[in-house]
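A.B. asks: need a structure here:
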Amino acid sequence: MHLPLYTALTAALLAAGMTGAQAAGPYYDPSNAASPTKYTTDYELYRTIGCPGKQLLDAACKIMTPAAAPAPAAPAPVAAAPAAPVDSDKDGVTDDKDQCPNTPAGRKVDAKGCELDSDGDGVVDGLDKCPDTPAGRKVDTRGCELDSDGDGVVDGLDQCPNTPAGRKVDAKGCELDSDGDGVVDGLDQCPNTPAGDKVDNKGCTLLNTIVLKGVNFDNDSAKLRTDAFPILDDAVTTMKRYPTMKVEVAGHTDSNSSDAYNLKLSDRRAKAVMDYFVSHGVDAANLTSKGYGESEPIADNKTAAGRAENRRVELRIQ
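C.D. replies: Numbers count the residues shown, from 1 in each chain. Down below sits the predicted model:
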C-alpha cells in the first residue's frame, strides 16, 4: 500500500516525537516574540524560532549571541569650583598676600598683612605705649623714648646725658644750680653763694689767696710729686670756669738755706706749678709766677710742723 507523501512525513515526525510541544532547543531565543510561552508548537517553530523568515526545509540558522549593550558614556568631568582664599590669621589679608602671617587677633594691618607702626619708631601700634614718638628718636621695646641716665628727661631732649643717679635736673636734663655759681647743687658745699662771687670746685667763694695744700716737691727740688696732681687738677677746673680770671702763682720756702737760695728755689717751684696749669689747658695769658723765698712765713720756722706749712704754693687772684 502506498501512503501519500504528507501521511508518510507525518508518520515519520510522529515516530520522532517532534509534533508535540517541545522544550526550546539550541535555537531557542526567549526574546523572540514568536515564542511568548518559551515553548515551540511544531517542527517549523523548532527550526525557526529566533530565526525569523526561515522555512521548513531551510538549513538551521546559527543563533548569534546578542551583542552586549554599549557601556554608558562616562560623564564629562565637572570642573571643581575654585577654593575660597584662606586668611589663616583673620587679619583681612589672604595668605597668598600676607607677608606677616601670624598677626595677633585684633591688630590693625597694612595691605601686606603687617601690623601698623604709625609713628615709624619700629614698635608696632599694638605694643606701642608712646604712639607719637618724634621721628628719629631712639625708643625702648615699649616704643617710648630712651632716658639713658634715668633723670626723667628723654635722650632726645637731654643736654646733659650723663647725669649721676639721684640728681635733680631741669627741663634740659641738666643738674640744678640753685645759686647760679656754676657748681651744681649735687656738688655745691656752699649752696647760697652770693651772686657774682667766684667759687672753687666745691661751690665756695674764692679767697683772694688760696693755699694749695698738699702740693709738694721732691726735697730741694722743683719737681712736683705725683700726689700733688689731683690738687692741681681741681685748680685747673676752677680757673677754666673763669676764663678771664688773672692768677699769680706764688712760691714760698721755709728758712733753711740762704735767703738767695730760697728765693730761687721758690721761684722755680712757682713756675713748675704754672707750667702744669698751662699744659692742662689754662690760658697762659692769665697766669704769672713769682718766688717769695722765706720772706712771708705763715708759721714758726723753728718747728718741723711750722716749716712744713711755710713750704707752700699759693694762688693769688688778681
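A.B. asks: Which residue ranges of this protein form strands?
C.D. replies: With DSSP state E, the ranges of strands along the chain come out as 22-23, 39-40, 209-211, 247-252, 287-291, 312-317.
A.B. asks: Lowest average confidence across those, which one?
C.D. replies: Here the strands of the chain differ in mean pLDDT, and the lowest is strand 22-23 at a mean of 41.
A.B. asks: Quick check: can you list the domain ranges of the protein?
C.D. replies: Structural domains annotated on the chain: 1-63, 209-317, as defined by automatic domain parsing.
A.B. asks: Point out where the stretch 201-318 of the chain drops to low pLDDT.
C.D. replies: Judged against pLDDT under 70, the stretch 201-318 of the chain has no low-scoring part.
A.B. asks: try the stretch 51-200 of the chain
C.D. replies: Residue ranges of the stretch 51-200 of the chain with pLDDT under 70: 51-67.
A.B. asks: Now tell me what touches the top helix by length along the chain from outside.
C.D. replies: Longest helix of the chain, by residue count under DSSP state H: helix 259-279. The contact list for helix 259-279 (Cβ atoms under 8 Å, 6 or more residues apart in numbering) reads 212, 215, 217, 220, 222-224, 232, 235-236, 239, 249-257, 284, 287-295, 313. C-beta coordinates here come from the backbone N, C-alpha and C atoms, glycine included.
A.B. asks: how about it as PDB, C-alpha atoms only?
C.D. replies: Provided in PDB are the C-alpha atoms of helix 259-279 (Å, rounded to 0.1, in the frame of the first residue of the first chain):
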ATOM      1  CA  ASP A 259     117.700 133.800 101.500                       C
ATOM      2  CA  ALA A 260     119.100 134.000  98.000                       C
ATOM      3  CA  TYR A 261     118.900 130.200  97.500                       C
ATOM      4  CA  ASN A 262     115.400 130.000  98.900                       C
ATOM      5  CA  LEU A 263     114.300 132.800  96.600                       C
ATOM      6  CA  LYS A 264     115.500 131.000  93.500                       C
ATOM      7  CA  LEU A 265     114.000 127.700  94.700                       C
ATOM      8  CA  SER A 266     110.600 129.200  95.400                       C
ATOM      9  CA  ASP A 267     110.600 130.900  92.000                       C
ATOM     10  CA  ARG A 268     111.400 127.600  90.200                       C
ATOM     11  CA  ARG A 269     108.600 125.800  92.200                       C
ATOM     12  CA  ALA A 270     106.100 128.500  91.400                       C
ATOM     13  CA  LYS A 271     107.000 128.300  87.700                       C
ATOM     14  CA  ALA A 272     106.700 124.400  87.800                       C
ATOM     15  CA  VAL A 273     103.100 124.800  89.000                       C
ATOM     16  CA  MET A 274     102.200 127.400  86.400                       C
ATOM     17  CA  ASP A 275     103.600 125.200  83.600                       C
ATOM     18  CA  TYR A 276     101.400 122.400  84.900                       C
ATOM     19  CA  PHE A 277      98.400 124.600  84.600                       C
ATOM     20  CA  VAL A 278      99.200 125.700  81.100                       C
ATOM     21  CA  SER A 279      99.900 122.100  80.000                       C
END
